[in-house]
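Peer 1: here's my sequence, what's the structure:
(4 chains)
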There are 2 protein chains.
Amino acid sequence: MESKVYSAEESGGPKGFTDRELDIMSVLWREGSGTVVEVRGALGEEVGYTTVLKMLQILEEKGAVGHEREGRAYRYYPLVESVRAGGRALSRIVNKIFHGSAERLLATLVEDREFTAEEIARMRAILDRAKRRRDAE
Amino acid sequence: MESKVYSAEESGGPKGFTDRELDIMSVLWREGSGTVVEVRGALGEEVGYTTVLKMLQILEEKGAVGHEREGRAYRYYPLVESVRAGGRALSRIVNKIFHGSAERLLATLVEDREFTAEEIARMRAILDRAKRRRDAE
DNA sequence: GAATGTCAACGACAATCTTCGTACGAAGCC
DNA sequence: GGCTTCGTACGAAGATTGTCGTTGACATTC
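Peer 2: I've put the predicted structure just below:
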C-alpha cells in the first residue's frame, strides 16, 4: 500500500495566496480534496488541464497541498486549514487597511452586505460568547 | 499655481494590492499623503529610495495614487479609499475562504484576537445598528 | 498488438512584481 | 561657471505567476 501523502516541507514563510491559487484552494477546502479534473471542473473548465495541474504543483511546492495516488491519477488535499489561511488574511487586512481596528473591519463588512435577522443574531451570539470567555478569565 | 493632482484613469479592474503595494498604500492611508522619503521612512528604510518611487509610479499607473508637486519633490495621495479596498479584500476572503459565511469570518476574527470589553460592546453596537437599519425597511 | 485515451512531467512563454543602478535635470553653493 | 546634492525617469535583472503545448508513460479497447 502507498497511501502516503507527499508534500514539500512547510518551512518558513506562509505567505498569502494569489487569486488563481486561492481559486484552487477554495475548491479543495470546500470539497475536501480533488483530482486535477475535479478541480478544473469546479472552476468551470475555463482554464486548461495543464494549468490547473501546474498550479497544484506550485501549491504543493509551497506546502499548501499534498497529494496521494488514486488509480492512475493524483488526488490533492489541502495541507493548510482554511481557518488558518483566513486568520492570516484577516490579520493582514486589519493591520494594513483598517489600521488595527477590527471594529472598522466589522463596520465595513456589515455595510457592504445584507444580513438576515438570523445572521445578525448569530453574529451577536459569537460576540457574546467571546465576551463571556473574556470575562471568565 | 499648479496644485493639480495628476493621475492615470481608474479604468476597469480595481484588483487587489500585492504585499509591497499594500505596505505603501497603508502608509498613505494612515498619513494622508507622503513623499517618497516620507513613505520610505515609514517603512523603516528597509527598501531603497528608487524602489519606493517605482512602486508609487506603478500604483499611480494603476490609478491607486496621484501626485502633485511640492517644491522639487512629489507628494503622493491615495486615490482609492481604504474602506473600498478593504471591502473588496473582505469580499474575496469571505467568498473564497469562508465560503460566503461572514459569521465564520467573524468567528475566526474574534478567536484570533483579544478584545477589550469596550471593543466587544462597540462591535455589538455595530451589529445592532445594522439590525435596526434592516428592520426599518 | 495497434490505436486511442488518460494523465503527469517538462519546458516555454508572457506578464507582473520587486529590487535597484544609472542617468539626467534642476537648485543651490563657492 | 563648475560641483554637489536632491530628486525623478529609465531600464534591467531576478523571482513568481499563470498560461499551455508537447511528450511520454500506462491502460483500455478493438
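Peer 1: count of neighbours near the closest residue to A:Ala85 other than its chain neighbours?
Peer 2: Using C-beta to C-beta, 6 or more residues apart in numbering or on different chains and skipping residues adjacent in sequence, the residue nearest A:Ala85 is B:Ile97, 5.9 Å away. The way it works is simple: take the backbone N, C-alpha and C, and place the C-beta from them, glycine included. B:Ile97 is surrounded by 26 other residues when neighbours are defined as other C-beta atoms under 10 Å in any protein chain shown.
Peer 1: pretty sure A:Glu119 is touching B:Gly100, no?
Peer 2: No. Contact between A:Glu119 and B:Gly100 fails when scored by C-beta atoms under 8 Å: they sit 11.1 Å apart.
Peer 1: out of those two, which sits in the busier spot?
Peer 2: Neighbour tally, A:Glu119 and B:Gly100, criterion other C-beta under 10 Å: the higher count belongs to A:Glu119, 20 against 13.
Peer 1: got a list of what that one touches?
Peer 2: The neighbours of A:Glu119, taking C-beta atoms under 8 Å, 6 or more residues apart in numbering or on different chains as the test, are B:Ala102, B:Glu103.
Peer 1: element containing it?
Peer 2: Assigned by DSSP states H and E, A:Glu119 falls within helix A:117-135.
Peer 1: any buried residues in that helix, and which?
Peer 2: Of the residues in helix A:117-135, A:Glu119, A:Ile120, A:Arg122, A:Met123, A:Arg124, A:Ile126, A:Leu127, A:Ala130, A:Lys131 count as buried by neighbour count, 16 or more other C-beta atoms under 10 Å in any protein chain shown.
Peer 1: can you show me the CA trace of it as PDB?
Peer 2: Extracted in PDB, the C-alpha atoms of helix A:117-135 (Å, rounded to 0.1, in the frame of the first residue of the first chain):
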ATOM      1  CA  ALA A 117     -32.000  38.800  11.200                       C
ATOM      2  CA  GLU A 118     -30.800  35.300  11.900                       C
ATOM      3  CA  GLU A 119     -27.300  36.000  10.700                       C
ATOM      4  CA  ILE A 120     -27.100  39.100  12.800                       C
ATOM      5  CA  ALA A 121     -28.400  37.200  15.800                       C
ATOM      6  CA  ARG A 122     -25.700  34.500  15.300                       C
ATOM      7  CA  MET A 123     -23.000  37.100  14.900                       C
ATOM      8  CA  ARG A 124     -24.200  38.700  18.100                       C
ATOM      9  CA  ALA A 125     -24.000  35.300  19.700                       C
ATOM     10  CA  ILE A 126     -20.400  35.000  18.600                       C
ATOM     11  CA  LEU A 127     -19.600  38.300  20.200                       C
ATOM     12  CA  ASP A 128     -21.400  37.300  23.400                       C
ATOM     13  CA  ARG A 129     -19.500  34.100  23.600                       C
ATOM     14  CA  ALA A 130     -16.300  36.000  23.200                       C
ATOM     15  CA  LYS A 131     -17.300  38.300  25.900                       C
ATOM     16  CA  ARG A 132     -18.200  35.600  28.300                       C
ATOM     17  CA  ARG A 133     -15.000  33.800  27.600                       C
ATOM     18  CA  ARG A 134     -13.100  37.000  28.200                       C
ATOM     19  CA  ASP A 135     -15.000  37.800  31.400                       C
END
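Peer 1: quick one: it to helix B:117-135, angle?
Peer 2: The directions of helix A:117-135 and helix B:117-135 differ by 170 degrees, with axes from the mean of the first three to the mean of the last three C-alpha atoms, to 10 degrees as the criterion.
Peer 1: any idea how far helix A:117-135 is from the middle of the chain?
Peer 2: Helix A:117-135 has its average C-alpha position 23 Å from the chain's average C-alpha position, going by C-alpha atoms, centre = their mean, to the nearest Å.
Peer 1: could you give the average pLDDT over it?
Peer 2: Per-region confidence: helix A:117-135 scores 95 on mean pLDDT.
Peer 1: got it, and stretch A:26-42?
Peer 2: Stretch A:26-42 shows a mean pLDDT of 97.
Peer 1: please see if that stretch touches chain B.
Peer 2: Yes. Counting by C-beta under 8 Å from any C-beta of the partner chain, chain B has neighbours in stretch A:26-42: A:Ser26, A:Trp29, A:Arg30.
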